[in-house]
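# below are the sequence and a predicted model for it; my questions follow.
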Amino acid sequence: MFFLLQLNGGIGVIHHNCTAEFQANEVYKVKRWQQGFIINPIVMSPDDTVQAVVDTKKNRGFSGIPITASGQLGSTLLGIVTSRDIDFVPEGSHATTKLKDVMTRFEDLVTADKGISLKVRTETQTDRQANL
């Protein structure tokens, strides 16, 4: 809901009966998201484990994580891991399964250059989904 308010120029209200941690987390989620683009994503390395993604999903509420060569923002993008990639990894293997073994590789991703408009991005994504 906060995202829709933000896109339409509105303000969000967080109820004061929520814990301070919950309030801060809600603000954090909105501040990281800007009109469909994640400006400062959390990234991981191909040698990180599935458990790191599971922990991120538990702590941050998302599991779509770019995988870069060094595990740092600005490094070469190698692929992405989503919950769909890790859903069938047995729970007992989370700590030992490397992301490089389950990630969607760069060659299979639909990418765009920096500066693409939200409209063009949405059209590209819609065209791609129609062709699957």
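Structure's in. What do you need?
# please count neighbours and contacts with C-alpha atoms only from this point.
Will do.
# number of nearby residues for I14?
I14 has 12 neighbours, counted by other CA atoms under 10 Å.
# so it makes contact with Q23?
Yes - if you go by CA atoms under 8 Å, I14 and Q23 touch, sitting 6.4 Å apart.
# in this structure, where is pLDDT below threshold?
Residue ranges of the chain with pLDDT under 70: 1-12, 30-37, 129-132.
# again, 90 this time
1-41, 58-64, 108-132 (pLDDT under 90).
# give me the nearest residue to the most centrally placed residue in the chain, chain neighbours excluded.
In the chain, the C-alpha nearest the mean C-alpha coordinate belongs to G64, at 3.5 Å (CA atoms, centre = their mean). Leaving aside its chain neighbours, G64 sits nearest to T82 (4.2 Å; criterion: CA to CA, 6 or more residues apart in numbering).
# wait, what's in contact with the one you found?
Residues near T82 by CA atoms under 8 Å, 6 or more residues apart in numbering: S63, G64, I65, M103.
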